[in-house]
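[1] I'll drop the sequence and a predicted model, then ask my questions.
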Amino acid sequence: MEIGILKDNQLQEQPVFDYQDGCVYRIPALFYNRNNQTLLAFAEKRKTLKDSDAEKLVMKTGKLKEDDPNEIQWSELKEVGNALLPGHRTMNPCPVYEEKENTLYLFFICVENGSEEMCQINSGCNKARLCYITTTDDGENWSALTDLTPKLHEIRGWATFAVGPGHGLQTQSGRLIVPVYAYPNKPGSCASTSYALALYADHPYTEWKFGNMLETESGECQMAELLDDEGNYVVYCNARSTKGHRVEAVSQNKGVDFAKQTGSEGSEKLVETGDGCQGSVVSFPAQSEDADTKAEHNSNNTWRLYTHPTHVGNRVDLGVYLNKSPQDPDKWSKPCKIKEGISGYSDLAYVGKGWFVCLMERGEGEELNQISSVMFSYSQVEQGIGQ
């Protein structure tokens, strides 16, 4: 398949979390506060590339520069000190925003030090805890940590689990949804298969519940709300897989149940990379022919944008895909590359007026050890995919 590319002179890649002083940064998460036009970027700070060497979460805030629409002014790095449990490492940042109360919930897992994911899967003994903190001032101050693990009985039946990574969402009804994947224990065998599901809460956001798992093997996931062909809001899930193609599913009841979305036989457009890689998805208003103008296009239709490495074997050449039809997985475009070379996990944010920001893993040499951002427009995507 021929892959388009957004040319270097169209994109301005900026370092956000740089490899330095022996620190490695992985697992990007991104949130855009449209009320004050501020980006919040999160990542894991690690001693090495190994998941078991994760330590804590770090963050930066970003401001869009009025005189240069392609550049973001990023703040100094700050450690998220309240996102810690003694004797645990903090992993998988997943921000979700409650707009009415101007509260950002930052979800993550805290994993017992020395316990690797595969050991938990093989033993069936979960060492991860589900936690969150909140902020009402874009991360200047954070609440104390809340550990939800004792309140959610399903976790006792899992070998391990994680959130996201990457952003969650608030639905039109006000429900907060956090994407999750878990390895349920199976009698007499190791918990070798994971399944995606939603964690959700309604106002006043004090009682969190798990929805039902997808019936199809599925891993790291992100979700977005779309309008279907009948004008109803549905929750779309895009999940990692080991089967060669992404898993796409839709919920008609705000994340409680998901049904796998299937296209015509053999038409899978979203090819998975190797044994799988995280990807990001975001919904946005359908754009007019004169996108990138100063006025936001007023449309009741929603489209999707998705980012993921485009190579079938290696985590290289991060691409962006477009779908203008919420109920048809056959309608994904071919990808256009927004990052050539080593690239892995990513997180998308729609910042309005036809513009997007992508926070993405990149590397020096052959290793994914740092994170950068890039800003691009819908019209650039259309040009890149040849539409």
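    On my side now, so go ahead. Numbers count the residues shown, from 1 in each chain.

[2] in the helix or strand containing residue 308, what's buried?
    In this structure, residue 308 sits in strand 302-309 according to DSSP states H and E. Residues 302-309 are the ones in strand 302-309 that count as buried (16 or more other C-beta atoms under 10 Å). Where C-beta positions appear, they are placed from N, C-alpha and C, glycine not excepted.

[3] quick check: angle from the next helix or strand after that strand to strand 302-309?
    Counting by DSSP H and E, the element after strand 302-309 in chain order, helix or strand, is strand 316-323. Going by axes from the mean of the first three to the mean of the last three C-alpha atoms, to 10 degrees, strand 316-323 is angled at 170 degrees with respect to strand 302-309.

[4] partner strands of strand 316-323, parallel or antiparallel?
    Strand 316-323 pairs in its sheet with strand 302-309 (antiparallel), strand 336-352 (antiparallel), by DSSP bridges.

[5] Kindly reformat the buried residues of strand 302-309 as JSON lines and extend each row with pLDDT.
    Converted to JSON lines, the buried residues of strand 302-309 look like this (pLDDT from 0 to 100):
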{"residue": "302", "pLDDT": "91"}
{"residue": "303", "pLDDT": "95"}
{"residue": "304", "pLDDT": "95"}
{"residue": "305", "pLDDT": "97"}
{"residue": "306", "pLDDT": "97"}
{"residue": "307", "pLDDT": "97"}
{"residue": "308", "pLDDT": "97"}
{"residue": "309", "pLDDT": "95"}
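
[6] show me the contacts for the residue nearest to residue 341 when sequence neighbours are not counted.
    If the residues on either side of it in the chain are set aside, residue 341 comes closest to residue 316, at 6.0 Å by C-beta to C-beta, 6 or more residues apart in numbering. Residues near residue 316 by C-beta atoms under 8 Å, 6 or more residues apart in numbering: 309-310, 340-343.

[7] how about these in CSV, adding distance to residue 241?
    CSV is the format used below for the contacts of residue 316 (distance: C-beta to C-beta, whole Å):
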residue, distance to residue 241
309, 14
310, 16
340, 25
341, 24
342, 22
343, 19
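
[8] Widest-spaced pair of those?
    Greatest spacing in the contacts of residue 316, by C-beta to C-beta: 310 and 342 (12.8 Å).

[9] quick one on the thing from earlier: turn the strands paired with strand 316-323 into JSON lines, including distance to residue 244.
    Formatted as JSON lines, the strands paired with strand 316-323 follow (distance: least, C-beta to C-beta, whole Å):
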{"stretch": "strand 302-309", "distance to residue 244": "13"}
{"stretch": "strand 336-352", "distance to residue 244": "18"}
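
[10] For residue 41, which of these is the nearest?
    strand 336-352 (8.4 Å).

[11] now the angle from the next helix or strand after the closest one to strand 302-309?
    Following strand 336-352 in sequence order, the next helix or strand is strand 355-364 (DSSP H and E). For strand 355-364 against strand 302-309, the angle by the same axes, to 10 degrees is 10 degrees.

[12] got the CA positions of whatever helix or strand comes next after strand 355-364 in CSV?
    The element immediately downstream of strand 355-364 (helix or strand, assigned by DSSP H and E) is strand 367-377. Provided in CSV are the C-alpha atoms of strand 367-377 (Å, rounded to 0.1, in the frame of the first residue of the first chain):
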residue,chain,number,x,y,z
GLU,A,367,15.3,2.8,20.9
LEU,A,368,12.1,4.6,21.8
ASN,A,369,13.3,6.8,24.6
GLN,A,370,11.8,10.2,24.3
ILE,A,371,8.6,12.0,23.3
SER,A,372,7.8,14.9,20.9
SER,A,373,4.8,16.8,19.7
VAL,A,374,3.6,17.8,16.3
MET,A,375,0.7,20.0,15.2
PHE,A,376,-1.1,19.5,11.9
SER,A,377,-4.4,20.5,10.2
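
[13] Parallel or antiparallel, list what pairs with strand 367-377.
    strand 14-17 (antiparallel), strand 355-364 (antiparallel).

[14] now those in JSON lines, with mean neighbour count?
    JSON lines is the format used below for those (neighbours: other C-beta atoms under 10 Å):
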{"stretch": "strand 14-17", "mean neighbour count": "20"}
{"stretch": "strand 355-364", "mean neighbour count": "22"}
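
[15] Let me have these in a markdown table, extended by mean pLDDT.
    Shown next, in a markdown table, are these (pLDDT from 0 to 100):
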| stretch | mean pLDDT |
| --- | --- |
| strand 14-17 | 94 |
| strand 355-364 | 93 |
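
[16] now those as JSON lines including distance to residue 132?
    JSON lines is the format used below for the strands paired with strand 367-377 (distance: least, C-beta to C-beta, whole Å):
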{"stretch": "strand 14-17", "distance to residue 132": "21"}
{"stretch": "strand 355-364", "distance to residue 132": "20"}
